[in-house]
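**Q** Just a sequence and a predicted model for now, questions to come.
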Amino acid sequence: MKAFRHIPFQSHPNSNGFSVCLFLLCALFTGCQSTSTVLSDKAEQPAITQKEAGEQVIEALNRAYGVDTIGLFLDSPRCPDFVEGMFYEDSLPVFQIRGDTAKARRILEASAGSGAFRREADTEHTFTQKELRSILDTISNRFHKLPDGALKSNMDFWGMDNHTALVFFKLNTPAARQAFREHIIDSPAVSFEGPESPMPHSETGVPDTLGISLRPEYPVYSTQTSKASFVLINQSNSNIMCGEEYCITYEDEQGIWRKLPTDHFFFSVGYLVQPGEYRIRTASLYPEVHPNKPGRYRFLYHLTLLDTRTRIQMMTEFRLSNDEKEWKQTKKLKIPIHLTITQNSDNSATSETSADEETSGQ
């Protein structure tokens, strides 16, 4: 959101003394009369910047066409029909115009009291914000009608820039793009974003520090499991704060650690875990998006010690297995009985693995 500001009146620092001296010199050498010269200590209004001029245009158009202070007067029924959108370029508003751009400029200048804006003509080769909003509405409506599956899980979010509708995938593969075009919309206005393959990610953390530990709820999960749960245990003397964000990495066949295509965007929420408490964080593995192979995986999770404001990255390892006997016999983490679970814990991942709910020692 843009904050609009006005330039205060500023007087010239030497407006009185300097002007009087100049007048006396003029009278001495040119014989001019004092009655014929008008002195003024009014300062000239300083020139405003291009950014401020553009902001003043938006303020004026808000007053003329709507009540919104961030440019959404475009959605007002009083906004001229020829305005198809707006964006900023070099601090100036650019209005996307359908039809006669010269006439449009005259109308907008009259309403804004300024010409500090630019025009962009609507052509068959460009897409306006109005057209893009319609495309985004179509994407949203068709997304919600999709059955659960690879395409729906792979779509992280969508939005738009000046001329393009942007769709962000967890894994931006040719198959994902083709599925989108077949089931959502096939439009040249849509651009796809996201990694085309899992990116190397060698970052690590610690499983234990200062009485704080991070463990998988089960050491082994099926390669087909959609979720896995992890337990953050606080046996320190400090309150700790953790959030929603996590990262999962896996070791590929060449021994390179890569980031698993999973959630990229998280709500900015803080969860308090006091001494003597533990919190469960459940993560999504999306096997329908990426074929998760048997092997080593890491769960990375940040926390902050509130008394010292120290930020620590925790890490714990777990495995995925396609051996049904192995993951069915794996045993759940045993939580010390004196610890209590936080009220803000996630639900544990449903243990399709657990034929035996008996817990084992840590």
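**A** Arrived safely.

**Q** Could you check how far the residue nearest the centre of the chain is from residue 158?
**A** By Cα atoms, centre = their mean, the chain has its centre lying nearest to residue 265, at 7.3 Å. From residue 265 across to residue 158, the span is 12 Å (Cβ to Cβ, to the nearest Å). Where C-beta positions appear, they are placed from N, C-alpha and C, glycine not excepted.

**Q** you'd agree residue 230 is in a helix?
**A** No - applying DSSP: H, G, I helix; E, B strand; the rest coil, one finds residue 230 to be strand, outside a helix.

**Q** From what I see, it and residue 213 are in contact.
**A** No - at 10.7 Å, residue 230 and residue 213 do not qualify as touching, with contact defined as Cβ atoms under 8 Å.

**Q** So these two - more neighbours on which side?
**A** It is residue 230, of residue 230 and residue 213, that has more neighbours when counted by other Cβ atoms under 10 Å, with 25 against 19.

**Q** Can you give me the distance of the more buried one to residue 50?
**A** Separation of residue 230 from residue 50 (Cβ to Cβ) stands at 51 Å.

**Q** residues touching residue 187, list them.
**A** 135, 165 (Cβ atoms under 8 Å, 6 or more residues apart in numbering).

**Q** repeat that with 10 Å
**A** Contact analysis of residue 187 by Cβ atoms under 10 Å, 6 or more residues apart in numbering lists 127, 131, 132, 135, 138, 139, 165, 181.

**Q** Report how many residues lie close to the second one.
**A** By the other Cβ under 10 Å criterion, the neighbourhood of residue 131 contains 20 residues.

**Q** Ramachandran angles for it?
**A** Dihedral pair for residue 131: phi -70, psi -40, per degrees, to the nearest 10.

**Q** Which neighbours do residue 230 and residue 213 have in common?
**A** Joint contacts of residue 230 and residue 213 (Cβ under 10 Å, 6+ apart) are 314, 316.

**Q** Return the distance of residue 219 relative to residue 260.
**A** From residue 219 to residue 260 the distance is 18 Å (Cβ to Cβ).

**Q** Specify which residue of these two has the higher count of neighbours.
**A** Remark: of residue 219 and residue 260, residue 260 carries more neighbours, 23 against 17, as counted by other Cβ under 10 Å.

**Q** didn't the more buried one look like it was pressed against residue 291?
**A** No - with contact defined as Cβ atoms under 10 Å, residue 260 does not count as touching residue 291 (11.2 Å).

**Q** Overlap of the contact sets of residue 265 and residue 158?
**A** Shared contacts of residue 265 and residue 158, counting by Cβ under 10 Å, 6+ apart, come down to residue 168.

**Q** Report the contact partners of residue 165.
**A** By Cβ under 10 Å, 6+ apart, the contact list for residue 165 reads 127, 131-136, 138-139, 158-159, 185, 187-192.

**Q** Where helices are concerned, which of these count?
**A** Judged by DSSP state H, the subset of the contacts of residue 165 located in helices is 131, 132, 133, 134, 135, 136, 138, 139.

**Q** out of those residues, who has the most neighbours?
**A** residue 132 leads those on contacts (other Cβ under 10 Å) with 23 neighbours.

**Q** residues contacting that residue?
**A** Residues near residue 132 by Cβ under 10 Å, 6+ apart: 84-85, 159-166, 187, 189-190.

**Q** Check residue 183 too.
**A** Counted by Cβ under 10 Å, 6+ apart, residue 183 has contacts 142, 143, 145, 146, 147, 149, 151, 152.

**Q** try residue 336
**A** 233, 235, 276, 278, 362.

**Q** how near is it to residue 171?
**A** Separation of residue 336 from residue 171 (Cβ to Cβ): 39 Å.

**Q** Residue 112 too?
**A** Residue 112 is 46 Å from residue 171, by Cβ to Cβ.

**Q** same question, residue 270
**A** Distance of residue 270 to residue 171, given as Cβ to Cβ: 30 Å.

**Q** So the two - more neighbours on which side?
**A** residue 171 (21 against 11).

**Q** which residues does the nearest residue to the more buried one once chain neighbours are set aside contact?
**A** Leaving aside its sequence neighbours, residue 171 sits nearest to residue 261 (Cβ to Cβ, 6 or more residues apart in numbering; 4.3 Å). Neighbouring residues of residue 261 by Cβ under 10 Å, 6+ apart: 153-154, 156, 169-173, 194-195, 197-199, 248, 285-286, 289-290, 292.

**Q** And the strands in the stretch 151-300 of the chain?
**A** 155-160, 165-169, 190-193, 208-209, 212-216, 220-222, 227-234, 240-242, 247-251, 257-259, 271-273, 277-284, 295-305 (DSSP state E, counting those that start in this stretch).

**Q** In its sheet, which strands sit next to the shortest one, and in what direction?
**A** What that stands for is strand 208-209. Sheet pairing for strand 208-209, assigned by DSSP bridges, gives strand 212-216 (antiparallel).

**Q** quick one: average pLDDT of the partner strand?
**A** What strand 212-216 shows for mean pLDDT is 98.

**Q** Residue 195 versus residue 289, what's the distance?
**A** Distance from residue 289 to residue 195, by Cβ to Cβ: 12 Å.

**Q** Pretty sure residue 345 sits against residue 233.
**A** No - here residue 345 lies out of contact with residue 233, judged by Cβ under 10 Å, at a distance of 11.8 Å.

**Q** list residues touching both of these two?
**A** Between them, residue 345 and residue 233 share the contacting residues 273, 277, 278, 279, judged by Cβ under 10 Å, 6+ apart.

**Q** Closest to residue 98 out of those residues?
**A** Residue 98 has its nearest neighbour among these in residue 279, at 53.8 Å by Cβ to Cβ.
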